[in-house]
Structure formats: C-alpha cells, structure tokens
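Trainee: Next come a sequence and a model predicted from it.
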Amino acid sequence: MTDASPAGADTVADPGRRDARIAEAFVTLADTLVADYDVIDLLTTLAERCTQLLDAAAVGIMLSDQRGGLRTVAASSEAARLLELFELQVDEGPCLDCFAAGAGTFCRDLAAEPNRWPAFVAHARAVGFAAVSALPLRLRDQTIGALNLFHTRTGGLDDADERIGQALADVASIGILQERAIRRGEVLTEQLQTALNGRVAIEQAKGILAQHAGPQLDMNGAFAALRRYARARQRRLSEVAAEVVAGSADLDGVLG
C-alpha cells in the first residue's frame, strides 16, 4: 500500500500548529451551517482533515441510504475507499458495528483480535493497517453514518483525539442534516440519496479521466483533478462528474 503514512505525525511535534489546524477544521465544517455546500466535498474535507489532525493514515466515511444500508461516500485516498468497499462487501467491520450501535467502535491491535471481523481484519492487515477506530456521524439519537480511521500503528486514537474526531464528525452531521430540517423534524433522505447517487457518477468519471490521461494519472489524481475543476468553477462535484460520464465535458479542461 502506497498511502499509509501517518499524515498527522508532524502535528505531534508542533502543538501550536496542530491547534491552529484543529480550529481551522472546525471553522471549515461550521461554515456549512450557513452556506450552500456539496455533501461529498464536505465529507472528503472531513476525511482529509482527520488524517492531518489525528494519528490516522487513511480515513473513509459511510452514509446510510434510504433503505438503512451503508454506502461509501468519501475517503482520504483510494486505498481507504477500497478498504471501505471491502468492508461492505464482506458485511463485517468496525464501521458497520459503529453505525449499528451509534457509538465508537475500536480495535487497537488488529493482530490481537483476528476473529472479531475475520475477513476484514485479514484484509486490513494485508494492506498495512494495525488498528482501526470508527466514530458515528450522529445528531442526538439519530445516526446517519460512520467515520472510519485506519492506523498503521497499534493503539489507535487516544482519548483526546477520540474527542476531537467525534466533535468533527458531529459538526459534519449537523451540516448534512441542516438546521431547518431539524426544526421540522425531518431527515434529509433526499439530500443523502442524491449524495450517494452522485458518488456513483464520480467513480465513473474518475475512471474516464484516468483512462483519458493515461498511466501517469491514478484514481487519486483523477479525483483531485475533478474536485479542483469543480471548486474553481464553484460547481458541485456530482454535476461535473455527470457531464464527464455523459461525454459533454472537455476532459482535457477538467484535467487541467
């Protein structure tokens, strides 16, 4: 696995810089409460910030669909996305348990608990992970998804980082549900489903862009280009992805 380095390691040596990054992350997520936003971009930002702030090499996020099942919607890397998909495929793992219980689920040493999630543990260890932490995306008693943090070292999150991770997840959850929907007592299932459907188009668009660019561009790079293009034009990722899939987008322009 190529992207399992502890991205948050530099912040440990510089507490001041880490505190500033934590504050910046909360400001970024809180901004979604008062402005229109892209759910997938919001959750991708959350995943990326968690790798920077917490001792996690990779992060994946799942949301529940209209039928109550989980689907992967954001990840800090292609490796994290593939591991999340594997978890769903084998129907076992920390994210599923976390979502079902609505509470944090932790395995601080995968090697010490090979039978907890047999297929998941074997696969996670094979791609370089030693511990995993899952935190719920929740508001009050409603759980809408889960945040999976993969660690290359045993131990996982300490108590302080767990609180930070859960607070970030909680702010993101509020952003997704939106205050006016909370006041009406409604669940924004339509918005969540749109995000989930949009993710399918994004995955297809990544493949199209990667194929168009050739072997020098991997799936991570294709997603970065797609996201950069959408942000520069203040458009939603899913809209740009749909144009790429439909063949109406200038692929060279998207790739920059």
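Mentor: Happy to help now that I have it.
Trainee: what about the stretch 101-250 of the chain, any weak spots by pLDDT?
Mentor: Residue ranges of the stretch 101-250 of the chain with pLDDT under 70: 178-191.
Trainee: Where do the strands of it begin and end?
Mentor: Using DSSP state E, counting those that start in this stretch, the strands of the stretch 101-250 of the chain run over residues 105-107, 131-139, 142-151.
Trainee: Turn the ones you listed into CSV, including distance to His123 and mean neighbour count.
Mentor: For the C-beta atoms, the positions are set from N, CA and C on the backbone; glycine is no exception. As requested, the strands of the stretch 101-250 of the chain are exported to CSV (distance: least, Cβ to Cβ, whole Å; neighbours: other Cβ atoms under 10 Å):
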stretch, distance to His123, mean neighbour count
strand 105-107, 13, 21
strand 131-139, 11, 25
strand 142-151, 11, 25
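Trainee: Would you mind putting the ones you listed into CSV with distance to Asp170 alongside?
Mentor: Below are those laid out as CSV (distance: least, Cβ to Cβ, whole Å):
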stretch, distance to Asp170
strand 105-107, 16
strand 131-139, 7
strand 142-151, 10
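Trainee: right, and those strands - which one's nearest Val171?
Mentor: Minimum separation from Val171 across the strands of the stretch 101-250 of the chain (Cβ to Cβ) falls at strand 131-139, 10.1 Å.
Trainee: tell me the angle that closest one makes with strand 142-151.
Mentor: Here strand 131-139 points in a direction 160 degrees away from that of strand 142-151 (axes from the mean of the first three to the mean of the last three Cα atoms, to 10 degrees).
Trainee: one step back: what about the strands of the stretch 101-250 of the chain, which gets the closest to Gly68?
Mentor: Among those, strand 142-151 comes nearest to Gly68, with 10.4 Å by Cβ to Cβ.
Trainee: where does Val73 land on pLDDT?
Mentor: Per-residue confidence (pLDDT) for Val73: 89.
Trainee: Doesn't it lie inside a strand?
Mentor: Yes: residue state for Val73 (DSSP: H, G, I helix; E, B strand; the rest coil) corresponds to a strand.
Trainee: ok, now which ones touch it?
Mentor: With contacts defined as Cβ atoms under 8 Å, 6 or more residues apart in numbering, Val73 is in contact with 39-40, 43, 61-63, 145, 195-196, 199.
Trainee: returning to that earlier point: so which of the strands of the stretch 101-250 of the chain gets nearest Gln89?
Mentor: Using Cβ to Cβ as the measure, strand 142-151 is the one of the strands of the stretch 101-250 of the chain that comes nearest Gln89, at 14.5 Å.
Trainee: Between the contacts of Val73, which sits nearest Leu157?
Mentor: Of all the contacts of Val73, the one with the least separation from Leu157 (Cβ to Cβ) is Ile61, at 15.8 Å.
Trainee: what about the closest one, helix or strand, and which?
Mentor: strand 58-64 (DSSP states H and E).
Trainee: What are the buried residues along that strand?
Mentor: For strand 58-64, the neighbour count (16 or more other Cβ atoms under 10 Å) marks 58-64 as buried.
Trainee: Now do the domain split for the chain, please.
Mentor: The chain is divided into the following domains under automatic domain parsing: 9-186, 193-255.
Trainee: most tightly surrounded among those?
Mentor: Among those, domain 9-186 has the highest mean neighbour count (mean count of other Cβ atoms under 10 Å), at a mean of 18.
Trainee: Tell me if I'm right that Ala30 and Ala172 touch.
Mentor: No: Ala30 is not in contact with Ala172 according to Cβ atoms under 8 Å; the separation is 9.9 Å.
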